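Trainee: Coordinates for the following, if possible.
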Amino acid sequence: MRFYPTFFRIVFSGMDAERAHRIGFGLIRAVDLTPVGWALRRLCAPDPSLATTAFGVEFPSPFGLAAGFDKGGKGVLALTALGFGHVEIGTITGQAQPGNPAPRLFRLVEDRAVINRMGFNNDGAAAVAPRLRAARSRLAHRYRSRPRPVVGVNIGKTKKVDLVDAVADYLVSAEQLAAVADYLVVNVSSPNTPGLRLLQSVESLRPLLEAVRSTADAAAGRHVPLLVKIAPDLTDQDIDDVGALALALGLDGIVATNTTITRENLVTDPEDVMAKGVGGLSGAPLKARALEVLTRLRSAVGDQLAIIAVGGIETPGDVLERLDAGATLVQGYTGFLYEGPFWAYRINRGLLRARRTPAA
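Mentor: Prediction:
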C-alpha cells in the first residue's frame, strides 16, 4: 500500500495541483461504485475500539478529513469508505461562486506542504444540501450494523457579500444545511476571502455565532452541534478570548486550526515560494504552531468543549500527539494529497496498535 508516493512522483508531481486533485478525487469516487469499492469499505473500516464520542455524536474513529478536499459534498460515500471517521464538507457559501482565478493551488513538495488561494469555490448551499441528504441516507443504509461515518459541514461568507451583511449570508447556509449536517463549523479564518478574518474578533464573532446557532437549530428541528474554526495566526490573547466566548455562548467546540499566512520553517527556495503568491499554507510546516494553539486552547476552555485539531498531521504519531494534548478529534488534509487513498487506513491501524501496546 506504499506504492502511492512513487505513483505521486511519477504521475502527479509535475501536474497542475488542482488538476491532479480533480483527477484523483474522480478516481476515488469511481472506484467506490465498483466491487473494489465494496472490498475497500470492509478493509478500511476503523476497528470498533476506535469509536469516539464528541458533542453527543459517535464517530467510528477520532481521525477525519478536514474541509477543503470535498467542497461540494460529491464524494462523501467514497471518502468515508477509505476509513475516515468523519468528513467535513466545504467550505460552503450562501451563494454559488467560482472562487479565485487559477492557478490557485500549489505544492511545496520538499516541505510536504500546499499553498492555496481557492477562495471558497463551491456550488452554493441550495445545491449542496440535497447531495448531503442523499449521502447521509446512503451512509445509514451502508452502516446499519455499526456507527456510520459522520458528516460535518463547514460554512463561510460569499465573497461578493459585504462584511456588514456577513451574518445574513451565513444564515442562508445555516438554514439550508443544518438539517443535513451532523455538525456545523463557522469558518471565519480562511485567508482567501477578503476581510473574513476580521470576523474572528469577539465583537463580530458573538452575534454571528448566536444567529447561526438559533437559525440552524430551528431549521433542523434539533440541536445541531456548532463549532467555530480559527486561524493559527491569532495572538495568544485572541485565542484565550475566542475560548472564553465559546464557553460563554455554550458552543460545542472549536476547530484549530485553519491555514496560515506565514511562510516560516520552509526548506523550499524562498524565490519559489514567493512565486506561488498569496494564500494559506497547510501541511507539515504548520505542525508546531497548530499544536501550540491546541495546547493553549485546551488550557483556556478546560474539558467543557470539544476541540478538533488540524494542521501538520501526517502519521499515527501526529494524531496521538494531538489527542494527548487535549484534542477530541483530529483532522488531516494535506497529508492525504501526499500519502494517497490508504492514508486513513494506515492512521487507524497505527492508532489501534498504540492502544493495544501497553505503556512502558
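Trainee: now Asp32, nearest residue through space, not along the chain?
Mentor: Ala78 (3.7 Å; CB to CB, 6 or more residues apart in numbering). Quick note: C-beta positions are derived from backbone N, CA and C, even for glycine.
Trainee: if I've got this straight, the one you found is in a helix?
Mentor: Yes - counting by DSSP: H, G, I helix; E, B strand; the rest coil, one finds Ala78 located in a helix.
Trainee: What about it, how many residues nearby?
Mentor: For Ala78, the number of neighbouring residues by other CB atoms under 10 Å comes to 24.
Trainee: which residues sit in contact with it?
Mentor: Contacts for Ala78 were tallied using CB atoms under 8 Å, 6 or more residues apart in numbering; they are Ile28, Arg29, Val31, Asp32, Gly37.
Trainee: swap the cut-off to 6 Å and go again
Mentor: Contact partners of Ala78, counting by CB atoms under 6 Å, 6 or more residues apart in numbering, are Ile28, Arg29, Asp32.
Trainee: and the second one, how far is that from Gly37?
Mentor: Distance of Arg29 to Gly37, given as CB to CB, to the nearest Å: 9 Å.
Trainee: which residues of this protein fall in helices?
Mentor: Listed in chain order, the helices of the chain (DSSP state H) span residues 4-7, 17-32, 35-44, 76-80, 125-142, 166-177, 202-220, 236-249, 270-276, 287-301, 316-324, 334-339, 343-356.
Trainee: per-residue confidence averaged over the fifth one?
Mentor: Right, the one you point to is helix 125-142. Taken as a whole, helix 125-142 carries a mean pLDDT of 97.
Trainee: What residues sit buried inside it?
Mentor: Within helix 125-142, the residues that qualify as buried by neighbour count (16 or more other CB atoms under 10 Å) are Ala125, Ala126, Val128, Ala129, Arg131, Leu132, Ala135, Arg136, Leu139, Arg142.
Trainee: what's it in contact with?
Mentor: With contacts defined as CB under 6 Å, 6+ apart, helix 125-142 is touched by 72-73, 76-77, 92, 94, 148, 151, 172-173, 176-177, 180.
Trainee: Can you check what angle separates that helix from helix 166-177?
Mentor: Angle of helix 125-142 versus helix 166-177, following axes from the mean of the first three to the mean of the last three CA atoms, to 10 degrees, is 40 degrees.
Trainee: CA-only coordinates of helix 125-142 in CSV, if you can.
Mentor: Backbone C-alpha positions of helix 125-142 (Å, rounded to 0.1, in the frame of the first residue of the first chain) are rendered in CSV as follows:
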residue,chain,number,x,y,z
ALA,A,125,-25.8,25.9,-0.1
ALA,A,126,-29.0,25.2,-2.0
ALA,A,127,-27.2,22.9,-4.4
VAL,A,128,-25.1,21.1,-1.8
ALA,A,129,-28.0,20.3,0.6
PRO,A,130,-29.8,17.7,-1.4
ARG,A,131,-26.5,15.9,-2.2
LEU,A,132,-25.7,15.6,1.6
ARG,A,133,-29.3,14.5,2.3
ALA,A,134,-28.9,11.7,-0.2
ALA,A,135,-25.3,10.8,1.0
ARG,A,136,-26.4,10.6,4.7
SER,A,137,-29.3,8.3,3.7
ARG,A,138,-26.9,6.0,1.8
LEU,A,139,-24.5,6.0,4.7
ALA,A,140,-27.3,5.0,7.1
HIS,A,141,-28.0,2.1,4.8
ARG,A,142,-24.4,1.1,4.4
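Trainee: Retrieve the pLDDT associated with Pro191.
Mentor: pLDDT, read off for Pro191, is 86.
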